[in-house]
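Q: Next come a sequence and a model predicted from it.
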Amino acid sequence: MNYELIDIGVNLTNKAFRADLDDVMGRARDAGVRIMIATGTRVEASWDAYELARKHPGVVYSTAGVHPHHASDCDGKTIAELRDLCSRPEVAVVGECGLDYNRNFSPPDVQRRWFEAQVELAVELQLPVFLHERDAHADFLAILQRHRANLPAAVIHCFTGTGDVLEAYLDLDLHIGITGWICDERRGLHLQEIVDRIPANRLMIETDAPYLLPRTIRPKPKSRRNEPSYLPEVLQVVARSVGRPVEQVAAETTATATAFFLNGIQQPAS
Ligand SMILES: [Zn+2]
């Protein structure tokens, strides 16, 4: 292949990868995935992701945040710990944070409180933020609207919503992450219709591995575990959907992800 990709959302510290992470990372490299952003979903997992990034300089960067599912675990020390993590050059952005009312593993009011606290941290540090939203569009938008003017950048990772929701996010000048959801003939085909509304400088791709194995991969993998080496499948379907050559979409999404995740690493917050 003649492209170099950035997987902007991969849960490399998930226990699904514990036994064979080196092989997983080797296959990613062989598939053209040059950089992986390891998602931090809890304070402890964010430390693990940071350690992984330290072990693989220039290949793995990490995020520091608390996923809405785990909002109930937050306490008076959470934001200070995330601030500490974000002072390290390997930690690219704040997140994963947001709202998820699909399963409400944490109560909605607790989710809102800690989502806003993390957005405020990103504003304080002038870092981009990596966002998760599921079935919580109105409340999510309300919180983001309050802070958007002071946030340098924000990406909705694993976007799965409708065209109207997409337009609302683009109106707020958000970046959009597309996963293998777009390959899912049961629930993701609408994404193939609307992904061309995302400007190239706002569009990025991700696997969200070990979740969301692209259903279009042939031959079908024996394991249901997704991994970053399958990112080219997302690239192919996105490229076909937007009607641009694969190499072009690869270059565009990599340039967009480099600007989003890696610029801040060289530049101290102003
Ligand atoms: Zn997520």
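A: The structure has been received and is ready for your questions.

Q: Name every strand pairing with the longest strand seen in the chain and say which way it goes.
A: In the chain, taking DSSP state E as the definition, the longest strand is strand 91-100. Here strand 91-100 is paired, per DSSP bridges, with strand 60-64 (parallel), strand 129-134 (parallel).

Q: Quick one, which of the ones you listed gets closest to Arg34.
A: Arg34 sits nearest to strand 60-64 of all the strands paired with strand 91-100, at 10.8 Å, using C-beta to C-beta. For every residue, glycine as well, the C-beta is placed using N, CA and C.

Q: which other residues reach that closest one?
A: 12, 35-40, 46, 49-50, 52-53, 82, 85-86, 90-96, 130, 261-262, 265 (C-beta atoms under 8 Å, 6 or more residues apart in numbering).

Q: tell me the contacts of Ala251?
A: Tyr3.

Q: Am I right that it is in a helix?
A: Yes: looking at Ala251 with DSSP: H, G, I helix; E, B strand; the rest coil, it is inside a helix.

Q: What are the boundaries of the strands in this structure?
A: So, for the chain - with DSSP E - the strands run 5-10, 33-38, 60-64, 91-100, 129-134, 154-156, 175-178, 203-205.

Q: Which among the ones you listed is found nearest to Leu141?
A: Comparing the strands of the chain under C-beta to C-beta, the one sitting nearest is strand 129-134, at 8.6 Å.

Q: pull the CA atoms of that closest one into PDB?
A: This file holds the C-alpha atoms of strand 129-134, laid out as PDB (Å, rounded to 0.1, in the frame of the first residue of the first chain):
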ATOM      1  CA  VAL A 129     -10.800  17.100  23.300                       C
ATOM      2  CA  PHE A 130     -11.800  13.600  22.200                       C
ATOM      3  CA  LEU A 131     -15.600  13.200  22.600                       C
ATOM      4  CA  HIS A 132     -18.100  10.300  22.900                       C
ATOM      5  CA  GLU A 133     -21.800  10.800  22.500                       C
ATOM      6  CA  ARG A 134     -24.600   8.300  22.300                       C
END
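
Q: and the angle from that strand to strand 33-38?
A: 70 degrees (axes from the mean of the first three to the mean of the last three C-alpha atoms, to 10 degrees).

Q: buried sites along strand 129-134?
A: Val129, Phe130, Leu131, His132, Glu133, Arg134 (16 or more other C-beta atoms under 10 Å).

Q: Kindly provide the distance from the last one to Gln248.
A: In this view, Arg134 and Gln248 are 31 Å apart by C-beta to C-beta, to the nearest Å.

Q: is it true that Arg197 touches Asp164?
A: No: look at Arg197 against Asp164 with C-beta atoms under 8 Å: they stay out of range, at 11.0 Å.

Q: okay, these two: which has more neighbours?
A: Shown here are Arg197 and Asp164; by other C-beta atoms under 10 Å, Arg197 has more neighbours (14 against 10).

Q: dump the residue contacts of the more buried one.
A: Contact partners of Arg197, counting by C-beta under 8 Å, 6+ apart, are Gly163, Leu166, Glu167, Leu170.

Q: Now the buried members of those.
A: Leu166, Leu170.

Q: For Ala209, which non-adjacent residue is spatially closest?
A: In this structure, Ala209 finds its nearest non-sequential neighbour in Asn226, 4.0 Å apart by C-beta to C-beta, 6 or more residues apart in numbering.

Q: number of nearby residues for the one you found?
A: Asn226 has 24 nearby residues by other C-beta under 10 Å.

Q: Contact partners for it?
A: Taking C-beta under 8 Å, 6+ apart, we find Asn226 in contact with Gly180, Thr207, Asp208, Ala209, Pro210, Tyr211, Leu212, Leu213, Pro214.

Q: Just the pLDDT for the third one.
A: Just to be clear, that refers to Asp208. Per-residue confidence (pLDDT) for Asp208: 98.

Q: Run through the residues that contact the nearest residue in space to it that is not next to it in sequence.
A: Of all residues not flanking Asp208 in the chain, Thr179 sits nearest, at 4.6 Å (C-beta to C-beta, 6+ apart). Contacts for Thr179 (C-beta under 8 Å, 6+ apart) come out as Gly9, His157, Cys158, Ile205, Glu206, Thr207, Asp208, Leu212, Val234.
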